[in-house]
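>>> Quick check, what structure comes out for this input:
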Amino acid sequence: MSDEAREAVGDYKFGFHDPENATIRFDKGLSEQVVRDISALKDEPEWMTEIRVKAYHHFVEREMPDWGNCGELNNIDFDNVTYFLRSSDATEKDWDDVPDDIKNTFDRLGIPEAEQKWLGGVTAQYESEAVYHSIREDLEEQGVLFLDMDSGLKEHPEVVKKFFGTVIPYSDNKFSALNTAVWSGGS
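Okay, the predicted model is just below:
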C-alpha cells in the first residue's frame, strides 16, 4: 500500500466490534440443510446448490489437516458458528444509502475515502453480504464486469458457472470445501 493510500485509510485500531443488527440470522451449526437454506435464500440456480452440497459433504468427510501447527484447528467447534448473517436487505450503489451503523464501521476503516481516491471498484461486505458496490464508469464502459457474487450469479450465471471454483476447487482441502459450501458475498 502506498503512503498516500495509507494516509487516506489512516490507523486501524484492531479489536473494535459492532453490536449485531441482523435482518436475517441463521441458527448456529452446520448441516446440509443450512447449506441448502443459504442457497434457497439467495435464489441460486440448482447447479450452485449442488456444488455447495457436494462441497459440504467433502468438508464433513475430510480429516482436519495435521501438518505444522494445525493441531489448533481441532479446537474449532463448527456447530458453534453462525454461517449466515445479513445486516442489510440491499446492496447499495450510493454510499449515502448504506445504513448508518454499517457506514460508521467502514468510516472507521477509511474505506469511503480510500475508494474515492484509489480504487477502480469496490464491494464492501458486512457480515455475510455485500452492502455497497461501485465501479468506475470508465471501466464499466470498457466492458469490465465487477459485481458482487450474488449479482454476478443472477446477471451472468454462465460466467460464474464457467469459472467458479477453478482457482481453488472445493476438493482442494477441508477449508476450501467449507468456504464453497457456505460462501456469501465477495466479488
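
>>> Just give me the longest helix of the chain.
Longest helix in the chain by number of residues (criterion: DSSP state H): helix 46-61.

>>> OK, contacts around the nearest residue to R86 once chain neighbours are set aside?
Of all residues not flanking R86 in the chain, I24 sits nearest, at 4.1 Å (C-beta to C-beta, 6 or more residues apart in numbering). Backbone N, C-alpha and C define where each C-beta goes, glycine included. Taking C-beta atoms under 8 Å, 6 or more residues apart in numbering, we find I24 in contact with L41, F84, L85, R86.

>>> For the first one, grab the count of nearby residues.
It stands for L41. For L41, the tally of surrounding residues (other C-beta atoms under 10 Å) stands at 14.

>>> picking that back up, among the contacts of I24, which one sits closest to A177?
F84 (16.9 Å; C-beta to C-beta).

>>> Let me know the pLDDT of that closest one.
Model confidence at F84, given as pLDDT, is 84.

>>> now swap in G165 and tell me
Predicted confidence (pLDDT) for G165: 95.

>>> Please give me every residue in contact with it.
G165 makes contact with I51, T180, according to C-beta under 8 Å, 6+ apart.

>>> is it true that it lies in a strand?
No. Counting by DSSP: H, G, I helix; E, B strand; the rest coil, G165 falls outside a strand, being coil.

>>> just to revisit the earlier point, the longest helix of the chain - contacts with which helices or strands?
Helices and strands touching helix 46-61, by 3 or more C-beta pairs under 8 Å, 6 or more residues apart in numbering; DSSP states H and E, are helix 32-41, helix 157-163, helix 174-182.

>>> Report the buried residues of it.
The neighbour-count check on helix 46-61 (16 or more other C-beta atoms under 10 Å) flags M48, T49, I51, R52, K54, A55, Y56, H58, F59 as buried.

>>> between those, which is closest to V144?
Nearest to V144 out of these is M48 (C-beta to C-beta; 23.2 Å).
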